[in-house]
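Need the 3D shape of this:
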Amino acid sequence: MAFKVLLVVGAVLVAGVAYMLSRPMNPAVSEPWKVRTVGSLYGITFLAGVLGEKLGLGTQMNITRYFFDRLLVFTSSTVDPQLVQREDTLFDSIAVRIYRPTKAKTSSPRAGMVFYHGGGWVLGSVASHDPVAAHFAVEANMVVVSVEYRMAPEFPYPVPLDDCVTATKYFIQHAAKFNVDPNRVAIGGDSAGGNLAAAVSLKLRDTGFRPMPKAQVLIYPVLQLLDFNTPSYFRAFKYQSDNSVMGMIVGYYLGAPKKHHASIANNLHISPELRKRYAPYLKTEVLPDGFVLPDYKPTDVNLQWDKTVPKDLGLTATDIYVSPLLADDLKNLPEAFVLTVGSDALRDEGVMFAYRLKEAGVKATWVDIPDTFHGCICATGGLLGTKSGRRANEAIVKLLKENV
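Prediction:
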C-alpha cells in the first residue's frame, strides 16, 4: 500500500510540474505564475483521483475531494479564531456551520448570510470554504451560515438544491434565535454555489416563501447548462485543451451516465428545439465591447444533438432551477450582485443574467474583475495568495456591508 501511495504522489508531481510549465495563460491575468500554479494544483487534484482509483486507494471522486478541500484551505487567507465563533449544527437535518463575529458585539439583530460553497456540485465542502465564510462574517459583521449540502454524483439534482432551500428557510424562519434580522438575510455562493443561490431565489419566490432573502450574491456563477460555446467559453478554450471537466461535473449533477459526459462537454446534449426555445436568453449583443473575439462563431441552433443522450437530460439541463438564466420570468427576485472575472468561461452568462434581471425590474449590480480567475476568492493567503483574489473578496464584503 505504501508503495502505491508513493507511486501516486510521484506520478502526480511529475505530471503536475510538466502541466504547469506547458499550460498557456490568458495575458489579461495578473500575477500569472501564481495563477498558473494554483490552476495546475486544481488539475492535479483530479489527476490524483484518477490515479488513486486505478491503484485501489478509493474512488476517484473521494480522493479528488480530499486533496481539493485541503488545497483551498492552503491557498486561502486565515481568520484569527478569536474574531469568529464557529458552531456546527443541523438545520432540519442539513449540516451547517454558523459563523458569529465576536469583535463587534451588539444586542441589535445583525444581518445574515447563507453561503453555498462552490466545486461544481461535486467538490468542496464547508471545510474547503471555511476561511471564506469566516472572512465574510468578520469583515461584514454578519452571521454567516455555510451549508454542507449533499453532492453529486451520489446525490444529483435536485438534492443539492433541496438541501440549500431547506437550510435557508430554516435560518430565516429562526433568525431571532441567532440574533439576526430575518429581513436582512442574503444568500450567495461561488461558482456552483452561485448557481444554487440563484436557484434558491427562484424556488423561494415560486413557492411563496416570506420573507424573501434581501439579496443574492452570485460569485462567478454557473447560470446555464444549455450552451458551452458562449464568447467567454470560446475565449477560455484558447487557454485550455478541452471542456472535459465541465462535461463530467455537469453530467454528474444531471445524473447522466459517464458515457454521455463527452457529449455534454461537446455541446451535443441539447436538441435543436430546445436551443431555439432558449436562444433569446443568450444574447451576445448585451456583452460589453471587447468581450466577443473577432473569430467567435455562435452555436448553430440547428446543431444536431447526440441522439443516444436521453431527451430528458436536455430538459433537466434547461430546467429553470438548474439554469436560472433560462427562466422566462425573473420578476420579484431579490436584489442581485453578480461578480464575474475576466478569464472565466462563465463570465458572459453572469453579464446576461444581470441584464435580464434589470429588464425584469430587479435591481442588479454587475462587477467584473478582469485580471483574475475562476476560484480567486479561495486564493488569497500564503505564498499563492493573489492581490486580485483579495480585491474580489473586498468587493463582496463592500456589497454586503452597504446593501444587507
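
quick one: low-confidence parts of the stretch 101-250 of the chain?
Low-confidence segments of the stretch 101-250 of the chain (pLDDT under 70): 240-242.

where exactly do the helices run in it?
Here the stretch 101-250 of the chain has its helices, by DSSP state H, counting those that start in this stretch, at 130-140, 159-173, 192-206, 231-236, 244-254.

Which elements pack onto the first one?
Counting contacts by 3 or more Cβ pairs under 8 Å, 6 or more residues apart in numbering; DSSP states H and E, the secondary-structure elements packed against helix 130-140 are strand 84-91, strand 94-101, strand 110-116, strand 143-147, helix 387-403. (Each C-beta comes from the backbone N, C-alpha and C, glycine too.)

Reformat these as CSV; add mean neighbour count.
Below are the helices and strands packed on helix 130-140 laid out as CSV (neighbours: other Cβ atoms under 10 Å):
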stretch, mean neighbour count
strand 84-91, 14
strand 94-101, 20
strand 110-116, 26
strand 143-147, 27
helix 387-403, 18
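
Now do the biggest helix by length in the chain, average pLDDT.
Taking DSSP state H as the criterion, the chain has its longest helix at helix 32-54. Helix 32-54 shows a mean pLDDT of 87 in the predicted model.

which element follows it toward the C-terminus?
Once helix 32-54 ends, the next helix or strand along the chain (criterion: DSSP states H and E) is helix 60-75.

What residues sit buried inside that next one?
Buried residues in helix 60-75, counted by 16 or more other Cβ atoms under 10 Å: 60-61, 63-69, 71-75.

Distance from it to the middle of the chain?
Offset of helix 60-75 from its chain centre (Cα atoms, centre = their mean, to the nearest Å): 16 Å.

What's the mean pLDDT across it?
On average, helix 60-75 scores 94.

And that helix, what does it pack against?
By 3+ Cβ pairs under 8 Å, 6+ apart, helix 60-75 packs against helix 32-54.

before we move on, back to that, distance to Lys363 for the helices and strands packed on helix 130-140 - can I get that in TSV?
Converted to TSV, these look like this (distance: least, Cβ to Cβ, whole Å):
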stretch	distance to Lys363
strand 84-91	28
strand 94-101	27
strand 110-116	17
strand 143-147	23
helix 387-403	9
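
Tell me which of these lies nearest to Ala197.
Across the helices and strands packed on helix 130-140, Ala197 has its closest neighbour in strand 110-116 (5.8 Å, Cβ to Cβ).

quick one: strands adjacent to that closest one?
As defined by DSSP bridges, the strand partners of strand 110-116 come to strand 143-147 (parallel), strand 180-190 (parallel).

Kindly format the C-alpha coordinates of that strand as PDB.
Presented in PDB, the C-alpha positions along strand 110-116 are these (Å, rounded to 0.1, in the frame of the first residue of the first chain):
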ATOM      1  CA  ARG A 110     -27.500  41.600  12.800                       C
ATOM      2  CA  ALA A 111     -27.600  40.900   9.100                       C
ATOM      3  CA  GLY A 112     -27.100  37.300   8.000                       C
ATOM      4  CA  MET A 113     -25.900  35.400   5.000                       C
ATOM      5  CA  VAL A 114     -26.500  31.800   3.900                       C
ATOM      6  CA  PHE A 115     -23.500  30.600   1.900                       C
ATOM      7  CA  TYR A 116     -23.300  27.700  -0.600                       C
END
